[in-house]
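> Need coordinates for the following:
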Amino acid sequence: MRYQKATEILPEELVELIQEYIDGGYVYIPRKHENKKNWGEGTSIKEELQSRNEEIYEKYQDGFQVSELAELYYLSEKSIQRILLAEKQKSKK
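Below is the predicted model of the structure:
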C-alpha cells in the first residue's frame, strides 16, 4: 500500500471536510468488505514462511538446539518452540 495525496484523488470539497476532522494527519481508509484480501494473498510470503518453518523443524530433528535455531533465524526461543510444535503436529497428520 502506498500513500496517495488526497488533493490529487478527492474533490476539493471533500478534502476541506476531512480537514475539519484531521488537518495534516494521516487517515487509513479500509477496503470495502467485499474487496478484502487475506493476509499474504498476492505475495509468496506464506509459502516462504512455511518453507522456513519446515527447514527449522528439519534442523531441530538433526540435533540443533532451540537456542541455536533462534540465533540462526533471528527469532525468539518461544517463536521457535511454537514453530516446532506446529510442525510436529502437522507431521502427525
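> Please make it C-alpha for all contacts and neighbour counts, starting now.
OK.
> What residues sit buried inside the helix or strand hosting Glu87?
Using DSSP states H and E, Glu87 maps to helix 77-92. By 16 or more other Cα atoms under 10 Å, the buried positions in helix 77-92 come out as 77, 80-81, 83-84, 87.
> Please render these as a markdown table that adds distance to Arg52 and pLDDT to the earlier fields.
Putting the buried residues of helix 77-92 into a markdown table (distance: Cα to Cα, whole Å; pLDDT from 0 to 100) gives the following:
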| residue | distance to Arg52 | pLDDT |
| --- | --- | --- |
| Glu77 | 15 | 97 |
| Ile80 | 11 | 97 |
| Gln81 | 14 | 98 |
| Ile83 | 10 | 97 |
| Leu84 | 11 | 97 |
| Glu87 | 11 | 96 |
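> Pull the most distant pair out of those residues.
Among the buried residues of helix 77-92, the pair separated by the greatest distance (Cα to Cα) is Glu77 and Glu87, at 15.2 Å.
> what's the helix or strand for the residue at the greatest distance from the centre of the chain?
What lies farthest from the middle of the chain is Glu13; by Cα atoms, centre = their mean that is 35.8 Å. Per DSSP H and E, Glu13 falls inside helix 12-21.
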